[in-house]
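Participant: My questions concern the predicted model and sequence given below.
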Amino acid sequence: MRLPTLMVAAFCLAMTMSSAYAGIGLGTQRSVGGVMIAPDGSVRAATAEEQKEMAQVVRNAMETPTGELARAADRRVISLNGLQAKLKEAHESGQHLDTETMFLAGMQRIEYVIVDQENNDILLAGPAEPWMVRPDGHVVGTETGGSVLRLDDLVTAFRSVETARDNGGILCSIEPTPEGRVRLQNFLKNVKLRPGQNPAYLEAGMRQAFGPQQILLGGVATDSRFARTLVAADFEMKRIAMGLTQSPVAGLPSYLELAKNQVQSSVSTPRWWMASDYEPVTRDEEGRVWKISGQGVKTLTEDDTFDKQGNVRATGRKNALASKWADMMTEQFEELSRERPVFRDLRNAMDLAVIATLITQQQLDHKSGIDLSVLRGNDSHVELASYEMPKTLEPQCSFVKGRAGWTVTASGGVNVNAFAVSENPVTDETLGSIAAASDASSRWWWDGK
């Protein structure tokens, strides 16, 4: 009798899984990174009560790290052969995946990819920590407070490499419709503010005129946790930029605060997006050890303009204040990602996309002799949980009335170009000394020296 497919489910708010062998199924499919995404298009921050409920659900289903997992490690090593064997075993026995597998043994980042030809294996190495559940339900490391790496994101990253190649990268954008832009311009033509009058009373009418915004996703499965992380991070960046939520970092005011009483363009509007930000990948002379480094995420900006039909086009120009805000977010990213873990979730997803792309593009699986069919989805051992993604969202935008016109900002996005990161590696002879020998145990992970 064939066993049901093993499903790798994400940690979100209370969810009922359809398979008896669903692994760890937590949460509804509504929340990621503290952002609630409902199928009807409503998006909002989780309430304090919802965060408390989510935290309790996760604690009840999660195993506390013990033994070596209860200690931080500068270099924990994951065997992809061993990890795939673990997934096969769980599938064949009908067992649930344990917490250490779901959280990749507490890994915080992957700094090294090591080709182990002797054992036909690829090893991933980097710092790791015990994990804990924050009061808001986020699972983070006990030392740095950073979100832990996730198995489901790793699997999605491997399965998205070729799709991303065809798409020009993994892309997410939340955009107003052309019709909404036209309605808003017509609305603003009839607005006449009296001296000293607060324009805030107009915002409800502006949002109604703007209407729903489109979610555009490419290069990754739209029903994956990975995709929801992109949308949630974009949503949260926009809310911070436009003062729709209080910035948790003192060095990152909202764009509204920077732009107050400044000249605003009546024909263009700033857009911000988060993009990959890595140092050039380095490798030893033999191509055995590869190193990935860099902050991982930066914020960029460009002005958009649109025609009478509401069709938008990039101008190639940057607003000085919008550029200043983008630079401030980039500089404050580490602190921001500790306060708002959805941004660390985004960095983790980008890291895993770079790792999967590097292995594929540099053919490290062929060099090592490993068969990655389990992680790549060429068999039926692992089925990822599916999350319903709305095609539109309620308008998330804000408005600034300046001396020369209105600035209406509603556009944002995420651009993960892992191919640009993994191509053209630089040789570093010192990497030849990096070792990650197994401790001769039967585990799929161990702590390196």
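Facilitator: Arrived safely. Numbers count the residues shown, from 1 in each chain.
Participant: isn't residue 233 right up against residue 416?
Facilitator: No: between residue 233 and residue 416 there is no contact under Cβ atoms under 8 Å: 11.0 Å. Bear in mind the C-beta positions are built from the backbone N, C-alpha and C, glycine included.
Participant: can you map out the helices along the stretch 151-300 of the chain?
Facilitator: 151-167, 178-189, 203-210, 225-241, 255-259 (DSSP state H, counting those that start in this stretch).
Participant: typed the wrong thing, it's the stretch 301-449 of the chain
Facilitator: 320-331, 333-339, 341-361, 364-368, 373-376, 418-422.
Participant: so which of these comes closest to residue 250?
Facilitator: helix 333-339 (8.9 Å; Cβ to Cβ).
Participant: If I look at residue 389, what pLDDT would I see?
Facilitator: Here, the pLDDT recorded for residue 389 equals 82.
Participant: how about it, phi and psi?
Facilitator: Main-chain torsions, residue 389, degrees, to the nearest 10: phi -110, psi 120.
Participant: Equivalent analysis for residue 95, please.
Facilitator: Backbone torsions of residue 95, given as degrees, to the nearest 10, read phi -80, psi 160.
Participant: That one: neighbouring residues, count only.
Facilitator: Residue 95: 13 surrounding residues under other Cβ atoms under 10 Å.
Participant: Could you do the one 3 residues further on as well?
Facilitator: The burial metric for residue 98, expressed as a neighbour count using other Cβ under 10 Å, is 14.
Participant: That one and residue 209: what is the separation?
Facilitator: Going from residue 98 to residue 209 by Cβ to Cβ, to the nearest Å gives 51 Å.
Participant: Among the helices of the stretch 301-449 of the chain, which comes closest to residue 170?
Facilitator: Among the helices of the stretch 301-449 of the chain, the nearest to residue 170 by Cβ to Cβ is helix 341-361 (6.1 Å).
Participant: winner for burial among the helices of the stretch 151-300 of the chain?
Facilitator: Mean neighbour count (mean count of other Cβ atoms under 10 Å) peaks for helix 225-241 among the helices of the stretch 151-300 of the chain, with a mean of 26.
Participant: quick revisit: export the helices of the stretch 151-300 of the chain as JSON lines, with columns for mean pLDDT and distance to residue 447.
Facilitator: Shown next, in JSON lines, are the helices of the stretch 151-300 of the chain (pLDDT from 0 to 100; distance: least, Cβ to Cβ, whole Å):
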{"stretch": "helix 151-167", "mean pLDDT": "96", "distance to residue 447": "19"}
{"stretch": "helix 178-189", "mean pLDDT": "84", "distance to residue 447": "53"}
{"stretch": "helix 203-210", "mean pLDDT": "82", "distance to residue 447": "52"}
{"stretch": "helix 225-241", "mean pLDDT": "91", "distance to residue 447": "27"}
{"stretch": "helix 255-259", "mean pLDDT": "84", "distance to residue 447": "44"}
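Participant: right, so of these, which gets closest to residue 446?
Facilitator: Closest among the helices of the stretch 151-300 of the chain, using Cβ to Cβ: helix 151-167, at 17.4 Å.
Participant: Now do that closest one: distance to the chain's middle.
Facilitator: Here helix 151-167 is found 13 Å from its chain centre; the criterion is Cα atoms, centre = their mean, to the nearest Å.
Participant: Give me the helices and strands touching it, please.
Facilitator: strand 6-8, helix 99-102, helix 225-241, helix 341-361, helix 373-376, strand 382-384, helix 418-422 (3 or more Cβ pairs under 8 Å, 6 or more residues apart in numbering; DSSP states H and E).
Participant: Can you tell me which of these is nearest to residue 123?
Facilitator: Of all those, helix 341-361 sits nearest to residue 123, with 11.2 Å by Cβ to Cβ.
Participant: Distance to residue 382 added to the helices of the stretch 151-300 of the chain, as TSV?
Facilitator: Putting the helices of the stretch 151-300 of the chain into TSV (distance: least, Cβ to Cβ, whole Å) gives the following:
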stretch	distance to residue 382
helix 151-167	6
helix 178-189	40
helix 203-210	41
helix 225-241	14
helix 255-259	42
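Participant: wait, which of those helices is closest to residue 45?
Facilitator: Evaluated with Cβ to Cβ, the helices of the stretch 151-300 of the chain place helix 225-241 nearest to residue 45, the distance being 7.8 Å.
Participant: Next up, the contacts around the spatially closest residue to residue 312 that is not a sequence neighbour.
Facilitator: Once flanking residues are discounted, residue 312 sits nearest to residue 306: 4.5 Å by Cβ to Cβ, 6 or more residues apart in numbering. The contact partners of residue 306, by Cβ atoms under 8 Å, 6 or more residues apart in numbering, come to 178, 181, 312, 313.
Participant: Out of the residues you listed, which is nearest to residue 90?
Facilitator: residue 312 (47.0 Å).
Participant: Contacts only, for that closest one.
Facilitator: 175, 178, 181, 304, 305, 306, 411.
Participant: Give me the neighbour count for residue 445.
Facilitator: The burial count for residue 445: 27, using other Cβ under 10 Å.
Participant: Now do the SS call for the spatially closest residue to it that is not a sequence neighbour.
Facilitator: Spatial nearest neighbour of residue 445, excluding adjacent residues (Cβ to Cβ, 6+ apart): residue 105 at 4.1 Å. Following DSSP: H, G, I helix; E, B strand; the rest coil, residue 105 is assigned to helix.
Participant: how close does residue 105 get to residue 122?
Facilitator: Applying Cβ to Cβ to residue 105 and residue 122 gives a distance of 16 Å.
Participant: list the contacts for residue 355?
Facilitator: Taking Cβ under 8 Å, 6+ apart, we find residue 355 in contact with 110, 113, 124, 154, 157, 292.
Participant: Settle this for me: the fifth one is touching residue 360, isn't it.
Facilitator: No: shown here, residue 157 and residue 360 do not form a contact pair, counting by Cβ under 8 Å, at 10.0 Å.
Participant: which residues are common contacts for these two?
Facilitator: Common neighbours of residue 157 and residue 360 (Cβ under 8 Å, 6+ apart) do not exist.
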